[in-house]
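# sequence and predicted structure, then a few things I'm wondering about:
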Amino acid sequence: MSSMRRAPQDPPAGEDVEISCEPGLGDRVRWFRYVRHAERERYEREGWVFANDLGPTHGRWSVLMEWPGPGEPP
């Protein structure tokens, strides 16, 4: 059985989505955030990194970014 918690569908931009990995893969918590294109540079300066393009529909407004740092994101 998977320990992954599914993110809600289309959370508001700027809302954190917490995804935990499968047991045995380091049991690490990963932080993701939907970030509007206009705010992407600010998030990159704060340490967030680009994680994924959201395709032609959702990607029109946002990208998915991941917090690679230790602990919770700022």
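On my side now, so go ahead. Just so it is clear, the model here is predicted, and its values are computed rather than measured.
# who touches stretch 54-67?
For stretch 54-67, the external contacting residues (Cβ atoms under 8 Å, 6 or more residues apart in numbering) are 10, 13, 30-37, 40, 43-44, 47-53, 73. Quick note: C-beta positions are derived from backbone N, CA and C, even for glycine.
# show me where the protein has strands.
Applying DSSP state E to the chain gives strands spanning 16-20, 29-36, 49-53, 62-67.
# worst average pLDDT in those?
In terms of mean pLDDT, the lowest-scoring of the strands of the chain is strand 16-20 (a mean of 58).
# thinking again about what came up before, point out the most buried one among the strands of the chain.
Among those, strand 62-67 has the highest mean neighbour count (mean count of other Cβ atoms under 10 Å), at a mean of 20.
# which strands border that strand, and is each parallel or antiparallel?
Strand pairing for strand 62-67, determined by DSSP bridges: strand 29-36 (antiparallel), strand 49-53 (antiparallel).
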